[in-house]
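> show me the folded form of this:
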Amino acid sequence: MKSNYDLIVIGGGPAGLAAALGALRNGVQDILIIERERFLGGILNQCIHTGFGLREFGEELTGPEYAERFERQVLQAGISCLVDAMVLDITRDNHVVAISPEYGRLEFSPRAIVLAMGCRERTRGALMVPGTRPAGVMTAGTAQRLMNVEGYLPGRDIVILGSGDIGLIMARRFTLEGASVKAVLEVMPYSTGLTRNVVQCLDDYGIPLMLSHTVTAVHGAKRVSGVTVAQVDARRDVLQGTEQDIACDTLITSVGLIPENELSKRAGVELDPATGGAVVNQRLETSVPGIFACGNVLQVHDLVDNVSEEARHAGANAADMIAGRLARTEDKIRIVPGPGVRYVVPQWIDLRDMDERVVLSMRPDDVFRQVTLEVVAEGQDTPLARFQRRRLTPGEMVMLNVDSAVFHTSADRISVRVA
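The predicted model follows:
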């Protein structure tokens, strides 16, 4: 194991694998991927349902099949991989400290770093749901691993709190294994998952989706025996008198994902409070020179194909930096969310040496139909660019392919708004 690599990629999931391949294809040969699990592939290894790879490979694959395609490319290319190793620290001078059962403590001094650590689930504790702490309360990802990897059925009578994509997919998975999903509850007045998952995982199986509802209490001593649910108003306050009890032995939470940015914080990377991920420019370089971010550690994605595309871009740009083809500049403009938009990535545009087009990723803060997304310079009324959309929903990421000429304006900031 060497102490110096040109590029270190932290995370061996779909983002990390694609970033390494992107860097390799852009001229960097000396690459190390560090993955904390014993196998590459990340969360895809427990996602045995189909629906992956339609754009990336032109066919429908399961999660393990999708991961295996990328893993094969990485290994055939001779990219070094260190698995079963945990990165403990990224120092302020961009040194990477890791620990491995095989090699012990390791320290690397790469010329560039790509952050691809993925995300984690919000837990029941983060929700402050009152009640005891009986067995049978777990996140959707934990249930997915128990069923798809370990071979256990966590429960028979299920209530799912939250309509995130993993929760929707697990509603179908439980049903296919013979369990009864009593309801999927969502505190918002709309689903936070992909529309296709609502249709294919709930509607097709007759599973009720109760919008503007939440769990107000968990019952049971050693094991969950039921939950109390209630309707909420627009401010998400419980409407008294709407409570009802649902008997169940398992409560699954699917209430959002949080980018794994503890290492980013240690490195001094600026984070966006709206995304939980790094603040980046259009090259996906963070506020710390030489550190790039991509995938779910940057922003939580809906589709793994989008993760792979974004990660390849990050890896290619890291390669440009290593080769001296990428220079940071103070000639830049801020990108901010306007009315109807929750966040925009990237948050900065470097105005020198731009590509012909820039991809802006964002999520709306509500459901909209037949609207226009406008790119507007601060202090100006006339939009710089306009994009028509039939439907926007917070559960589905929006990606705008914007001509780079749009960003050359005298304004200090540009916003994206729903009009």
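> contacts for stretch 367-377, please.
With C-beta atoms under 8 Å, 6 or more residues apart in numbering as the test, stretch 367-377 has contacts from 189-190, 338, 340-341, 360, 383-394, 398, 400, 402, 406, 409-411, 413-419. In short, each C-beta sits where N, CA and C put it, glycine included.
> let's see the PyMOL selection covering just the buried ones among those residues.
Selecting only the buried members of the contacts of stretch 367-377 in PyMOL, with burial defined as 16 or more other C-beta atoms under 10 Å, works like this:
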select buried, resi 190+338+340+341+360+383+384+385+387+392+393+394+398+400+402+406+409+414+415+416+417+418
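> among the contacts of stretch 367-377, which lie within strands?
By the criterion of DSSP state E, membership of the contacts of stretch 367-377 in strands covers 341, 360, 385-392, 398, 400, 402, 413-418.
> and stretch 26-35, how far from the chain's centre?
When distances are taken as C-alpha atoms, centre = their mean, to the nearest Å, stretch 26-35 is centred 22 Å away from the chain's centroid.
> any idea of the mean pLDDT for it?
In this model, stretch 26-35 carries a mean pLDDT of 97.
> ends of it, what's the gap?
With C-alpha to C-alpha, to the nearest Å as the measure, the ends of stretch 26-35 fall 22 Å from one another.
> Tyr5 reaches Ile31, doesn't it?
Yes - the pair formed by Tyr5 and Ile31 meets the contact definition of C-beta atoms under 8 Å, at 6.4 Å.
> could you pull out the residues contacting both of these two?
Common contacts of Tyr5 and Ile31 (C-beta under 8 Å, 6+ apart): Ser80.
> what about the nearest residue to Pro383 once chain neighbours are set aside, distance to Ser415?
Of all residues not flanking Pro383 in the chain, Glu374 sits nearest, at 4.0 Å (C-beta to C-beta, 6 or more residues apart in numbering). Glu374 sits 8 Å away from Ser415 when distances are taken as C-beta to C-beta, to the nearest Å.
> which residues do the two both contact?
Gly338.
> tell me the centre residue of this structure?
Most central in the chain under C-alpha atoms, centre = their mean is Val300, positioned 2.2 Å from the mean C-alpha point.
> and that residue, what does it touch?
Taking C-beta under 8 Å, 6+ apart, we find Val300 in contact with Cys119, Gly256, Leu257, Pro259, Thr275, Gly276.
> check Thr139 too.
Glu121, Arg122, Thr123, Arg124, Ile252, Thr253, Ser254.
> give the buried subset of the residues you listed as a PyMOL selection command.
Buried residues among the contacts of Thr139 (16+ other C-beta under 10 Å), as a PyMOL selection:
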select buried, resi 121+122+124+252+253+254
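> turn the contacts of Thr139 into a markdown table, columns for distance to Cys81.
Putting the contacts of Thr139 into a markdown table (distance: C-beta to C-beta, whole Å) gives the following:
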| residue | distance to Cys81 |
| --- | --- |
| Glu121 | 26 |
| Arg122 | 30 |
| Thr123 | 30 |
| Arg124 | 35 |
| Ile252 | 33 |
| Thr253 | 33 |
| Ser254 | 31 |
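> among the contacts of Thr139, which are in strands?
The members of these that map onto strands under DSSP E are Glu121, Ile252, Thr253.
> so in this structure, which strand runs the longest?
Criterion DSSP E: the longest strand present in the chain is strand 368-377.
> where do the helices sit along the chain?
Secondary structure of the chain (DSSP state H): helices at 14-25, 63-76, 124-127, 140-145, 165-176, 195-197, 262-266, 304-322.
> if anything else comes up later, I'll come back, but that's it for now.
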